[in-house]
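Asker: sequence and computational prediction follow.
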Amino acid sequence: MVTNFLFALLAMLLGYALWRQMRLRASAEKAVRNGREELIAAQRAGKIGNWSLDMTTGKAIISEQTRRILELPDTTGFPSPREALATLLGAAEAEAVLRARGNGASQDVLETDRRMVASAGNIKWVRIVTEVSRGDDGQALGCRGTVQDITGIRQAQERLAESERDYRLLSESMRDLVCLLSVDGTLFFASGSYARVTGHAADRLLGTRFYDHIHPDEVAAVRAKFEEQLCRKAQELQFEFRFRHREGHYLWLECQAVSVPDESGRIRHIQVSSHDSTSCRIAVDALRESEEKFRRLTEVTADWYWETDGQYRLTKVNLYNNLRAADLKSYILGMTPWESPFNRAPTETWAAHREIIAAQLPFKDLILEYIDPASGELLEYQCLSGEPIFTNSGGFQGYHGTGRFITQQKRQEIMLAERTEELSRDNARLNEEAQKSREVERNVLIAIEMELTRIGLELHDELGQNLTGIALLAKTLGDRITEKRLPESGDAWRVLGLVNDTIRQVRVIAHGLSPHITGTDGLADALRQLAYDINSLGVVTCQYTHDPGIHLDDDLVARGLYRIAQEAVNNALKHSQAKLIVVALNKSDEDIHLRIDDDGVGIRDTDRDMFGNSILHSIKYRAGAIGADLKVSSRETGGTSIAVIYSTRRQPPRRLRETTGREETSPWSLD
């Protein structure tokens, strides 16, 4: 009996243990299913999926989101691991995975952006990150990775690049010659049109004195004009001068000079807008020379001679050089000039002329129109000059004098007046276009900054928050799996690590596109964040120093200085092979000094054309756009130094954040 009881009790205990074990297993499986469903939902929201491939068995595990992104059917099967890799990564990347990497067990990570044609016919961009596990012989044993749809990011980058190309085309296609001069006449900006018109490359003109390119006979006059400009400050001046072409000859330039003052009213620089007026000047000179020759000829040659009696009636007319008028001589004898049907002049002209002859005074250059009485058609212009005739006793006898037909001269004067008026209108229109071009240039720069800010904020607000949500879900899943002591816990924590790495990378990109520049101290804070982001890459050491109390109210200038520092640091990372980069922001009197130094290879001979289409073109353009002085040099200890000096005595501050429509938020991350 006792033995049977013990056997029964033992059976009950074993049954209870088995039942409890089954319940625990069912609960764990339910938790895993719930976590997997949450991960799938998070992947769908973040447009990111995962996959794994066992190279020995050929078994592939592909998430639902990965299949959706790559447009793979649920029943996809692969005949071999090579085919699976080629489908997921592409042929070139698959070969890179299959290629042995040295001796010893190791892991390597491959990242690639893949361009696909979706089933709907549109272009899709996918970013694939692959982690490869290798054996002792370097051969791939397994792969796993993530797939992310980055079509929106690539489209935004393409729109930004297209916007920058349009702006560059606008600035390079401008017809007018635009340059900026310091108060001592040194050129520190010249538009690309100088190369087309004068033959001088714009970057070759920088640093030279403007007076060195002007005809020696006109240097003093132009210098006097600029000195007058400096005295009058905001006064606009217009003048012409000859500018030496690169081939040695001179061009006539018609220019308008405008002084640009700073906030204190002191002139910061002079802006000169010019256009080539050589052909017009040649035509005007030729017209003037022709007119002068005609004037000298008519001074020594009288076309005809005339006399009047005491009542100013014509008594004698000798017309030798005009046959048409000579035939009508008999019709005008006995008439006064105003009674002749062939003469026409304004009423005020006749009135003034009568007053002169009534006073018996000489007169000169009375202009009359010689017309056809029947039709009123203008046939000739004539010019009369005369003096009174007196007897020996002083009695008045009449007038005698000469007449000239000045039709050609008069028509040239009319033509010149019309041309002068036309040139005046053209000049006013060109000045207006130049002003619009300057405004467009500033608006394009603002538009670029606003577009960069918008893209950065979208990355920050949308992609960043999605990634943060994924990280939270991955952390929760990892905690649950770790609590259950399941072997998949390591994978969950690695997923969390990858998501956090992605968050940090997106944060760096967002900071670069939309720096957090708010308030008068925003520039210093943004540069500090830039140094922090560069240090987080782990490639070089980036140090940042600044003087306290640096305040900058001009948002456009602050962003311009930040972009210069950003471009200089990026150039150092790409080209200089530097180990240390130092960014310093200092203040001297009313000037702000920004300096970027590195200990890299320095400026080589191939970089001497740095202000053309080279890596420093963007820095040079942005410095010119905000009116800052730029100096690039090699350091004695090795490396490159880029110095930017901006005077705070500028035009009224320009606000950008008022136009963005969104407030910047603080950086996010999940550790």
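Answerer: Cool, the structure landed.
Asker: tell me where the model's unsure across the stretch 201-350 of the chain.
Answerer: Within the stretch 201-350 of the chain, the stretches with pLDDT under 70 are 232-235, 291, 294-303, 319-331.
Asker: what about the strands in it?
Answerer: 236-244, 250-261, 267-276, 304-308, 314-319, 343-344 (DSSP state E, counting those that start in this stretch).
Asker: repeat that for the stretch 1-150 of the chain.
Answerer: Listed in chain order, the strands found in the stretch 1-150 of the chain under DSSP E, counting those that start in this stretch are 48-54, 60-62, 106-117, 123-134, 140-149.
Asker: adding distance to residue 454, mean neighbour count and mean pLDDT, write these out as a markdown table.
Answerer: (C-beta placed from N, C-alpha, C; glycine too.) Shown next, in a markdown table, are those (distance: least, Cβ to Cβ, whole Å; neighbours: other Cβ atoms under 10 Å; pLDDT from 0 to 100):
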| stretch | distance to residue 454 | mean neighbour count | mean pLDDT |
| --- | --- | --- | --- |
| strand 48-54 | 23 | 21 | 85 |
| strand 60-62 | 35 | 17 | 84 |
| strand 106-117 | 22 | 13 | 80 |
| strand 123-134 | 20 | 19 | 87 |
| strand 140-149 | 20 | 21 | 87 |
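Asker: tabulate these (TSV), appending distance to residue 644.
Answerer: Below are these laid out as TSV (distance: least, Cβ to Cβ, whole Å):
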stretch	distance to residue 644
strand 48-54	40
strand 60-62	52
strand 106-117	34
strand 123-134	35
strand 140-149	38
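Asker: residue 385 is nearest to which of the ones you listed?
Answerer: strand 123-134 (84.3 Å; Cβ to Cβ).
Asker: tell me the strands beside the closest one, with direction?
Answerer: strand 106-117 (antiparallel), strand 140-149 (antiparallel) (DSSP bridges).
Asker: quick one: which of these is nearest residue 371?
Answerer: strand 106-117 (80.3 Å).
Asker: just the CA atoms of the closest one, as CSV, please.
Answerer: Extracted in CSV, the C-alpha atoms of strand 106-117 (Å, rounded to 0.1, in the frame of the first residue of the first chain):
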residue,chain,number,x,y,z
SER,A,106,36.6,38.3,-38.1
GLN,A,107,33.5,40.4,-38.9
ASP,A,108,33.2,43.3,-41.3
VAL,A,109,30.3,45.7,-42.0
LEU,A,110,29.4,46.8,-45.5
GLU,A,111,27.1,49.8,-46.2
THR,A,112,25.8,50.6,-49.7
ASP,A,113,23.0,52.8,-51.3
ARG,A,114,21.2,50.8,-54.0
ARG,A,115,19.2,52.4,-56.8
MET,A,116,16.1,50.3,-57.8
VAL,A,117,13.3,50.6,-60.3
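Asker: got a list of contacts for it?
Answerer: 70-71, 89-90, 93, 96-97, 101, 123-134, 138, 150, 154 (Cβ atoms under 8 Å, 6 or more residues apart in numbering).
Asker: any idea how far that strand is from the chain center?
Answerer: Remark: strand 106-117 is offset 34 Å from the chain centroid, using Cα atoms, centre = their mean, to the nearest Å.
Asker: cool, and stretch 214-234?
Answerer: With Cα atoms, centre = their mean, you get 30 Å for stretch 214-234.
Asker: mind exporting that stretch as PDB, just the C-alpha atoms?
Answerer: Extracted C-alpha coordinates of stretch 214-234, given in PDB (Å, rounded to 0.1, in the frame of the first residue of the first chain):
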ATOM      1  CA  ILE A 214      42.500 101.500 -65.900                       C
ATOM      2  CA  HIS A 215      44.000 103.600 -68.700                       C
ATOM      3  CA  PRO A 216      46.900 105.800 -67.300                       C
ATOM      4  CA  ASP A 217      45.200 108.900 -68.700                       C
ATOM      5  CA  GLU A 218      42.100 108.300 -66.700                       C
ATOM      6  CA  VAL A 219      43.500 106.900 -63.400                       C
ATOM      7  CA  ALA A 220      43.400 110.400 -61.700                       C
ATOM      8  CA  ALA A 221      39.800 111.100 -62.800                       C
ATOM      9  CA  VAL A 222      38.600 107.700 -61.600                       C
ATOM     10  CA  ARG A 223      40.400 108.000 -58.300                       C
ATOM     11  CA  ALA A 224      38.900 111.500 -57.900                       C
ATOM     12  CA  LYS A 225      35.400 110.000 -58.500                       C
ATOM     13  CA  PHE A 226      36.000 107.300 -55.900                       C
ATOM     14  CA  GLU A 227      37.200 109.900 -53.400                       C
ATOM     15  CA  GLU A 228      34.100 111.800 -54.100                       C
ATOM     16  CA  GLN A 229      32.200 108.600 -53.500                       C
ATOM     17  CA  LEU A 230      33.800 108.200 -50.200                       C
ATOM     18  CA  CYS A 231      33.000 111.700 -49.200                       C
ATOM     19  CA  ARG A 232      29.400 111.500 -50.300                       C
ATOM     20  CA  LYS A 233      29.000 108.000 -48.800                       C
ATOM     21  CA  ALA A 234      25.500 106.900 -50.000                       C
END
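Asker: any buried residues in that stretch, and which?
Answerer: Buried positions in stretch 214-234, judged by neighbour count with 16 or more other Cβ atoms under 10 Å: 214, 218, 222, 225-226, 229.
Asker: so which of the strands of the stretch 201-350 of the chain is nearest residue 80?
Answerer: Of all those, it is strand 267-276 that lies closest to residue 80, at 69.0 Å by Cβ to Cβ.
Asker: so what does that closest one touch, helix or strand wise?
Answerer: strand 177-181, helix 219-232, strand 250-261, helix 407-458 (3 or more Cβ pairs under 8 Å, 6 or more residues apart in numbering; DSSP states H and E).
Asker: and the angle for it with strand 177-181?
Answerer: 160 degrees (axes from the mean of the first three to the mean of the last three Cα atoms, to 10 degrees).
Asker: where does residue 361 land on pLDDT?
Answerer: With respect to pLDDT, residue 361 has a value of 93.
Asker: quick check: beta-bridge partners of the closest residue to it other than its chain neighbours?
Answerer: Nearest non-adjacent residue to residue 361, counting by Cβ to Cβ, 6 or more residues apart in numbering: residue 388, 7.2 Å away. Legend: beta-bridge partners of residue 388 under DSSP bridges are residue 399.
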